[in-house]
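In: sequence unknown, structure follows:
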Ligand code: G6P
């Protein structure tokens with residue numbers, strides 16, 4: 001994941017930038033850079049690889065100056081090389097950026113037509129040019145910056161230095177976080193409190209759409225409408241400096257909101273947006289795989305279960321998903337062409353690790369979809385397939401789950417293409433669809449967060465709740481039920497909608513909410529019949545659907561409308577209302593949602 005640090009300081013900036021970037025290394029990155037105002041003007045140093053590579057460059061060509069900007073980059077648009085590393089430069093502007101500018105191609109064409117030339121393949125350089133074009137038109141730096149922001153769609157956290165403005169750093173946030181750090185006669189910006197942690201523990205979190213100008217003593221913050229605003233300055237406890245909640249009440253809430261970014265960063269490891277390809281980071285040949293064995297526990301198992309449907313449907317690859325603790329202690333009949341894939345946030349879960357080792361001992365090729373790059377599973381498998389959710393603190397997994405799903409969907413697309421089940425045009429279409437997922441996840445949060453509150457209040461009084469879904473939504477029904485019971489201690493069951501009539505229908509009465517997850521896909525009509533069966537028995541139906549589904553919703557159902565999306569990414573988008581509902585019910589019940597009783601984040605016993 002990309003990281004940003006900006007310093008308007010009292011001592012040389014470059015070594016301090018390096019110190020900060022080191023703290024951001026856990027996010028993962030593939031190039032780094034630093035810019036500073038020197039006596040000769042604005043200069044930058046960049047390197048592909050690690051922070052130590054950047055340090056090596058600085059030892060040969062030191063960078064003077066007390067005002068500087070640093071960045072670690074996770075390649076999205078363009079390969080990880082020096083030309084694409086940040087800061088990007090255009091005329092008087094040096095810019096660092098986290099996120100993806102979705103309309104960069106149109107903007108680039110427009111800027112080229114206006115006579116500007118580009119040195120990199122990045123979307124970031126386009127923004128630097130837009131700002132510089134504003135300066136050329138005679139705008140003040142802040143006005144040029146705002147004019148550029150007005151042209152952007154997509155997600156960003158930005159930091160900019162302007163030639164001729166040696167005491168100024170500009171920053172902006174939409175979709176990706178940015179904090180302002182308040183020091184003693186010094187000011188900072190950073191991608192999180194950790195970035196500014198070496199210099200100050202007093203930070204303000206920018207809100208969505210905010211932008212800021214800092215100098216040595218002040219921060220002028222503006223909202224998306226350009227109005228001057230104040231954002232609370234809080235002191236971050238030293239112990240919390242590693243990961244903290246920002247403006248959120250609980251880590252669970254924060255981590256739900258982190259999901260667009262977690263998804264985007266995970267996509268960046270699997271997708272080539274320029275050529276429309278999907279592949280795991282080091283590449284992988286799925287044509288030799290005869291069978292896929294997914295192994296996981298808890299929430300990760302539900303991600304695996306959803307992936308089973310996708311791998312079989314899209315790639316025609318026979319796939320089993322099994323709870324690792326079951327697989328481990330029976331005598332599974334595995335065949336030599338089986339690829340064993342563990343799915344795990346921590347990479348340390350004992351049952352999953354044991355199942356993986358069992359497969360390895362049987363001579364199978366192994367892989368792990370894992371969020372912790374230094375974990376035991378990462379070290380032991382043949383192929384590490386990363387998720388980039390960042391540290392997940394809440395015991396209830398949210399962003400790690402959608403990041404796992406993101407990686408699994410990308411892998412299913414890659415397998416489908418390699419195995420000849422889809423052609424290049426369809427692969428490109430699916431890649432484009434995946435690239436829309438971060439935006440649609442963000443929209444799902446915006447569209448459903450408030451709408452769910454009255455519902456959550458009512459459900460907080462229930463004793464039992466039933467979740468139903470078909471296809472990929474069956475896995476989500478199971479995950480929704482798990483989240484509710486973990487977060488609120490209300491008994492909840494997830495069931496395949498078609499199975500309801502074989503048992504759970506006996507539970508239905510007016511006091512048992514039945515949550516039906518049903519986007520308007522090819523299973524919708526069948527699920528609608530199940531809904532009618534519940535209503536006929538006075539069950540209280542909550543339908544989570546999209547606009548088209550809403551048009552066919554029975555009047556007795558309370559509906560929650562998530563964004564319309566391609567079925568490929570529906571599990572990502574529809575996970576959001578289920579997570580928010582569990583969170584809100586937990587809060588309404590006064591439960592400790594971040595650390596529920598009896599649960600652990602990483603379960604290292606079998
Ligand atoms: C614990 C956590 C769950 C998690 C499961 C698997 O039960 O509370 O949130 O889904 O372990 O963890 P892993 O790290 O392997 O994904």
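Out: Yes, it's here. Note that the coordinates shown come from a computational prediction; the quantities given were computed from them, not determined experimentally.

In: what's the helix or strand for the residue nearest the centre of the chain?
Out: Among the residues of the chain, the one closest to the centroid is residue 262, at 1.4 Å (C-alpha atoms, centre = their mean). Element membership of residue 262, judged by DSSP states H and E, is helix 259-270.

In: touching, residue 185 and residue 66? I think so.
Out: No: look at residue 185 against residue 66 with C-beta atoms under 8 Å: they stay out of range, at 11.1 Å. Just so you know, the C-beta spots here come from the backbone N, C-alpha and C atoms, and that holds for glycine as well.

In: higher neighbour count, these two?
Out: Between residue 185 and residue 66, counting by other C-beta atoms under 10 Å, residue 66 is the more crowded of the two (20 against 9).

In: verify the contact between that one and residue 12 for me.
Out: Yes: between residue 66 and residue 12 there is a contact under C-beta under 8 Å: 6.3 Å.

In: ok so, going back, find residues that contact each of residue 185 and residue 66.
Out: Counting by C-beta atoms under 8 Å, 6 or more residues apart in numbering, the contacts common to residue 185 and residue 66 are residue 10.

In: quick check: which ranges of the stretch 501-606 of the chain have low pLDDT?
Out: 602-606 (pLDDT under 70).

In: all helices of it, in order?
Out: Secondary structure of the stretch 501-606 of the chain by DSSP state H, counting those that start in this stretch: the helices cover 524-536, 547-550, 570-588.

In: out of the ones you listed, which comes closest to the ligand?
Out: Comparison of these against the ligand by C-beta to the nearest ligand atom identifies helix 570-588 as nearest, at 12.1 Å.

In: list the buried residues in the helix or strand where residue 126 lies.
Out: Assigned by DSSP H and E, residue 126 belongs to helix 124-136. Neighbour-count burial for helix 124-136, counted by 16 or more other C-beta atoms under 10 Å, picks out 124-135.

In: list just the nearest of these to the ligand.
Out: Lowest distance from the ligand to the buried residues of helix 124-136 (C-beta to the nearest ligand atom) belongs to residue 124, with 32.9 Å.

In: and the closest one, what is it in contact with?
Out: By C-beta under 8 Å, 6+ apart, the contact list for residue 124 reads 77, 86, 88, 95-97, 101.

In: so which of those residues reach the ligand?
Out: Applying C-beta under 6 Å from any ligand atom to the contacts of residue 124, one finds that nothing falls near the ligand.

In: quick one: which of those residues is nearest residue 149?
Out: Among the contacts of residue 124, residue 101 lies closest to residue 149 (C-beta to C-beta), at 10.7 Å.

In: and that closest one, what pLDDT?
Out: Listed pLDDT for residue 101 reads 89.

In: what's the local residue count around it?
Out: Residue 101 has 25 nearby residues by other C-beta under 10 Å.

In: what bridges to it?
Out: Under DSSP bridges, the beta-bridge partners of residue 101 are residue 154.

In: quickly note the distance from it to residue 130.
Out: For residue 101, the distance to residue 130 equals 10 Å [C-beta to C-beta, to the nearest Å].

In: now swap in residue 76 and tell me
Out: If you go by C-beta to C-beta, the gap between residue 76 and residue 130 works out to 18 Å.

In: could you pull up phi and psi at the residue nearest to residue 287 when sequence neighbours are not counted?
Out: Nearest residue to residue 287, sequence neighbours excluded (C-beta to C-beta, 6 or more residues apart in numbering): residue 418, at 5.4 Å. Main-chain dihedrals, residue 418, degrees, to the nearest 10: phi -60, psi -40.
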